[in-house]
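Participant: Predicted model, plus sequence, below.
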Amino acid sequence: ETGVTQTPRHLVMGMTNKKSLKCEQHLGHNAMYWYKQSAKKPLELMFVYSLEERVENNSVPSRFSPECPNSSHLFLHLHTLQPEDSALYLCASSQEAGLLGGDTQYFGPGTRLTVL
Amino acid sequence: QKEVEQNSGPLSVPEGAIASLNCTYSDRVSQSFFWYRQYSGKSPELIMSIYSNGDKEDGRFTAQLNKASQYVSLLIRDSQPSDSATYLCAVGGPTSGTYKYIFGTGTRLKVLA
């Protein structure tokens, strides 16, 4: 497996469900990101991790909870979501984050989330 | 609020023509600039990155950066129907002790056969 992988690719959940999105990067990068992409809107940065430490939380509601157990894996735990949270959730990685940033980000295929 | 602006399009060009995509950004301390291509239902894939003023060429693609005017553009020569996609401009730079990437909404390109 190469690049950045994400599972599941599609997810439908009710507002009371709890689910998790998984991302894995095979590029040896130190930084990982969660983005949200909604129709007609630019990609919205949600979280940034550098060497398993969260370095950015972009005012994301607490119903989204990230976890980075090591530099290759990133999770997004979801609970009590709202219908407006339906979107494409993209994971990305880059060599560095923080003030060393400027590297190219490589994106996973995304998880298409629908909240009923 | 740092912004990256793109015309949403669609920009329609005939096959074989040059497609010109433009992007302006508001933060003068921006340092890194990227063009991504995104096909419908797929994730963004990198086309070009550019860090210095001037032109950077890669095959049929040329990125142009003008930091004084705060714009970056992407030229696609000999456009093909397979180039039809949404092109995202992304700008990176230091912000409040970290490094952030801001994306534009994208320009939809249609190459007509």
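Facilitator: In hand now; what should we look at? Residues are numbered from 1 along each chain as shown, chains lettered A, B, ... in the order given.

Participant: Tell me what the closest residue in space to B:Ser82 that isn't next to it in sequence is bridged to.
Facilitator: In this structure, B:Ser82 finds its nearest non-sequential neighbour in B:Val111, 7.8 Å apart by CB to CB, 6 or more residues apart in numbering or on different chains. From N, CA and C alone the C-beta is placed, and that goes for glycine too. Beta-bridge pairing of B:Val111 under DSSP bridges involves B:Val13.

Participant: what about B:Val111, neighbour count?
Facilitator: 20 (other CB atoms under 10 Å in any protein chain shown).

Participant: Isn't it up against B:Pro10?
Facilitator: No: contact criterion CB atoms under 8 Å: B:Val111 and B:Pro10 do not qualify, at 10.4 Å.

Participant: quick one, longest strand in chain B?
Facilitator: Determined from DSSP state E, the single longest strand within chain B is strand B:85-95.

Participant: Get me the contact residues on chain A for chain B.
Facilitator: By CB under 8 Å from any CB of the partner chain, the residues of chain A that approach chain B are A:40-43, A:45, A:48, A:55-56, A:90, A:97-110.

Participant: Drop anything exposed from those residues.
Facilitator: Taking 16 or more other CB atoms under 10 Å in any protein chain shown as the criterion, what is buried in those is A:42-43, A:45, A:48, A:55-56, A:90, A:97-98, A:101-110.

Participant: Spatially, which residue comes closest to residue 105, not counting chain neighbours?
Facilitator: All of this refers to chain A. Per CB to CB, 6+ apart, closest to A:Gln105 is A:Ala92, 4.3 Å.

Participant: please go with chain B instead
Facilitator: Nearest to B:Thr105 is A:Pro42, by CB to CB, 6+ apart, at 4.7 Å.

Participant: Also A:Gln25?
Facilitator: According to CB to CB, 6+ apart, the nearest residue to A:Gln25 is A:Ser93 (4.0 Å).
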